[in-house]
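> Below is the structure, and that's it, no one-letter string:
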């Protein structure tokens, strides 16, 4: 497999790629935010896209009254089926006293043919009475389902965060949620904290403050993936239509925190609450997990997931959930496990560490990631890896185009005595 390298952006600003879903569904555009430091979403004001053939740049959205404290935008992803982009958007009234933060952000979508017309996807309501389908904090790192109808995200709760300031026994614990098309109306407030949304949002992972030692309890759920394009085959021969794989932090019998792979099977109806656990939450409790969700731990490793921060990925057929961990020689490689659990399979066998998260090719056969300061493409079936040296050092992540013929990645390139995140392409010859 041979690739031609092409620098796609050149401007004196950042061109920061998200971890996944950066290409438009037709493969003609790549979306990015303009931060030049991956920690600076709060001070970043615009979302843009660039044409892979011509290098033409179009601004999709620009914040109003942007300051170093917010509102901020970032982590943009393209819908896999239409010309729509979603990204993190800080709360519009951000200031020095209430800056952009984990609990003060939401998901905003833009249709490519209507730039700067925001669609608030998840509703937000941080004041009582709380409203089912509206969350009370910050959604983050939105990932489209394969049909483009649902979105997953990680979530932190503003109401619980504020309560934790006066009650140390309460903690704002990161969790995972999903949203689906069903408008939620929230009355506007004069402070600009609350807003309606085009989708119904719920938390889908149960987290608790004090996990029991050696149990499957978790105090953090994060960095999730949709399982397969259409779910996966269960052990009883039935098909699970929608499910989320996520990383969960357990506490082992020695009291040490360890990250394992979990699965949440989703029912068709996510609007019903379990007894005494309102999905909208209360003033003293985080949003409850809807009735019918089945949460399962599927890995029971010695050391847990290890390596650079990454989102779990799954093959299109739903047969493998992939993650980073250390192999028997101590190198960080990629492993896979079936959503039903069972044996863990090592997928890559490099004698050097993976330096980034990874993505799976659209046909489910290849893995792309950064290691040894190069782009590595590994065959899932054989475990063989191909190192692709690039003119500029790759950083961040490597993202496949929908047809599998291109890879996009960031490089930090010097221009006018300053370095900027630029977008590079590898185009299959």
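Thanks, I have it. Only a predicted model underlies this, so the values are computations on that prediction, with no experimental measurement involved.
> Nearest residue to residue 398 in space, ignoring adjacent ones along the chain?
Distances taken as C-beta to C-beta, 6 or more residues apart in numbering place residue 368 nearest to residue 398, at 4.3 Å, with adjacent residues excluded. For the C-beta atoms, the positions are set from N, CA and C on the backbone; glycine is no exception.
> How is the one you found assigned, secondary-structure-wise?
strand (DSSP: H, G, I helix; E, B strand; the rest coil).
> Where do the strands of the stretch 151-300 of the chain begin and end?
Secondary structure of the stretch 151-300 of the chain (DSSP state E, counting those that start in this stretch): strands located at 151-157, 175-184, 197-203, 221-226, 232-233, 239-240, 242-251, 257-266, 294-297.
> Which of the ones you listed sits closest to residue 125?
strand 175-184 (8.5 Å; C-beta to C-beta).
> The closest one pairs with which strands, parallel or anti?
With DSSP bridges as the test, strand 175-184 is paired with strand 151-157 (antiparallel), strand 197-203 (antiparallel).
> Of the ones you listed, give the one that comes closest to residue 300.
Nearest to residue 300 among the strands paired with strand 175-184 is strand 151-157; the distance by C-beta to C-beta comes to 23.4 Å.
> just how off-centre is the closest one within its chain?
9 Å (C-alpha atoms, centre = their mean, to the nearest Å).
> circling back to that earlier point, would you list the strands of the stretch 151-300 of the chain in JSON lines and tack on mean neighbour count?
Formatted as JSON lines, those follow (neighbours: other C-beta atoms under 10 Å):
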{"stretch": "strand 151-157", "mean neighbour count": "26"}
{"stretch": "strand 175-184", "mean neighbour count": "20"}
{"stretch": "strand 197-203", "mean neighbour count": "23"}
{"stretch": "strand 221-226", "mean neighbour count": "24"}
{"stretch": "strand 232-233", "mean neighbour count": "20"}
{"stretch": "strand 239-240", "mean neighbour count": "16"}
{"stretch": "strand 242-251", "mean neighbour count": "24"}
{"stretch": "strand 257-266", "mean neighbour count": "22"}
{"stretch": "strand 294-297", "mean neighbour count": "15"}
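> Distance to residue 130 and mean pLDDT added to those strands, as JSON lines?
As requested, the strands of the stretch 151-300 of the chain are exported to JSON lines (distance: least, C-beta to C-beta, whole Å; pLDDT from 0 to 100):
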{"stretch": "strand 151-157", "distance to residue 130": "11", "mean pLDDT": "98"}
{"stretch": "strand 175-184", "distance to residue 130": "11", "mean pLDDT": "98"}
{"stretch": "strand 197-203", "distance to residue 130": "12", "mean pLDDT": "98"}
{"stretch": "strand 221-226", "distance to residue 130": "21", "mean pLDDT": "98"}
{"stretch": "strand 232-233", "distance to residue 130": "33", "mean pLDDT": "98"}
{"stretch": "strand 239-240", "distance to residue 130": "30", "mean pLDDT": "98"}
{"stretch": "strand 242-251", "distance to residue 130": "23", "mean pLDDT": "98"}
{"stretch": "strand 257-266", "distance to residue 130": "22", "mean pLDDT": "98"}
{"stretch": "strand 294-297", "distance to residue 130": "23", "mean pLDDT": "98"}
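> Redo the ones you listed as TSV? Include distance to residue 94.
Listed next are the strands of the stretch 151-300 of the chain as TSV, based on distance: least, C-beta to C-beta, whole Å:
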stretch	distance to residue 94
strand 151-157	16
strand 175-184	22
strand 197-203	19
strand 221-226	24
strand 232-233	40
strand 239-240	40
strand 242-251	28
strand 257-266	31
strand 294-297	34
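> for the ones you listed, which one sits closest to residue 326?
Of all those, strand 257-266 sits nearest to residue 326, with 12.2 Å by C-beta to C-beta.
> Does the most centrally placed residue in the chain belong to a helix, a strand or coil?
What sits nearest the mean C-alpha location of the chain, by C-alpha atoms, centre = their mean, is residue 141, with 3.7 Å. Reducing the assignment at residue 141 to three states with three-state DSSP gives strand.
> Please tell me how far it sits from residue 299.
Going from residue 141 to residue 299 by C-beta to C-beta, to the nearest Å gives 22 Å.
> Nothing else from me, thank you.
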